[in-house]
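Student: Following is a predicted model, sequence given first.
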Amino acid sequence: MASDIYKKIIKLVLEAAKIARTVGIQNILQPGLVKEMIIADHLGHQLIITKRDADACSLEDPSILYEYLSCKEGGTGQFDRMFKEPDDKRQESLNRIRRNAKVFFAVFYAHEQTKAKVIYELEPEVVVQETERQLDASRNAISHVGFTESWVKRNGRVVYEDR
């Protein structure tokens with residue numbers, strides 16, 4: 001019966017939330033957090049759990065930061081709320097990309113969205129150039145900037161692939 005399954009899921013989520021609090025994660029349901037955990041695990045990175053910071057850092061050197069984008073197969077990964085203008089806000093938005101040593105783009109299976117299919121590595125400046133192109137083309141002062149897997153394939157390299 002579905003309600004028994006829902007109760008089991010709730011019990012497991014509450015247990016996961018309890019475990020997460022032991023390492024400082026107060027909201028296990030924060031959008032994107034579980035996928036960021038999965039990506040960090042595959043890449044051997046240290047997850048950063050605060051919302052405004054990069055998504056992860058190097059285990060050996062915490063000053064080496066990484067940003068993660070993700071989508072399901074056929075989807076688009078995006079940076080939310082990027083400012084086209086005023087210039088100081090635009091630079092602040094672009095620094096969300098520039099502060100990182102690398103940007104990683106993970107594609108999750110459409111039929112199993114907790115399982116990474118492939119992860120690409122991108123140079124931040126390549127991502128910045130595409131972001132600026134999209135911001136310049138936008139009619140809005142604040143936009144979501146999206147990246148398709150085909151764009152990432154042309155501009156990045158595979159660093160993880162499920163076999």
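Tutor: Done, it's in. All values reported here derive from a predicted model rather than from experimental measurement.
Student: And the protein, what are its domain boundaries?
Tutor: For the chain, the TED database gives the domain ranges 1-29, 31-161.
Student: So which residues of the protein form helices?
Tutor: With DSSP state H as the criterion, the chain has helices at 2-21, 33-43, 87-98, 124-137, 149-155.
Student: Could you export those to JSON lines, including columns for mean pLDDT, distance to Phe108 and mean neighbour count?
Tutor: (Glycine included, C-beta is placed from N, CA and C.) Listed next are the helices of the chain as JSON lines, based on pLDDT from 0 to 100; distance: least, Cβ to Cβ, whole Å; neighbours: other Cβ atoms under 10 Å:
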{"stretch": "helix 2-21", "mean pLDDT": "97", "distance to Phe108": "18", "mean neighbour count": "11"}
{"stretch": "helix 33-43", "mean pLDDT": "97", "distance to Phe108": "7", "mean neighbour count": "18"}
{"stretch": "helix 87-98", "mean pLDDT": "97", "distance to Phe108": "21", "mean neighbour count": "15"}
{"stretch": "helix 124-137", "mean pLDDT": "98", "distance to Phe108": "19", "mean neighbour count": "16"}
{"stretch": "helix 149-155", "mean pLDDT": "97", "distance to Phe108": "11", "mean neighbour count": "16"}
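Student: who wins for proximity to Arg163 among the ones you listed?
Tutor: helix 33-43 (12.4 Å; Cβ to Cβ).
Student: Packing partners of that closest one?
Tutor: strand 45-47, strand 56-58, strand 65-72, strand 102-108, strand 116-122, strand 157-161 (3 or more Cβ pairs under 8 Å, 6 or more residues apart in numbering; DSSP states H and E).
Student: Deepest-packed of the ones you listed, please.
Tutor: strand 102-108 (a mean of 24; mean count of other Cβ atoms under 10 Å).
Student: ok, and what's touching that strand?
Tutor: Contacting residues not belonging to strand 102-108 are listed as 35, 38-39, 42-43, 66-73, 75, 77, 97, 114-124, 127, 147, 149, 152, 156, 159-160 [Cβ atoms under 8 Å, 6 or more residues apart in numbering].
Student: hmm, 6 Å instead?
Tutor: 39, 66-70, 72-73, 77, 116-122, 124, 127, 149, 152 (Cβ atoms under 6 Å, 6 or more residues apart in numbering).
Student: now swap in stretch 128-140 and tell me
Tutor: Lys84, Leu94, Ile97, Val145.
Student: any idea how far the last one lies from Ile64?
Tutor: Pointing back at Val145 there. Between Val145 and Ile64 the computed distance is 23 Å (Cβ to Cβ, to the nearest Å).
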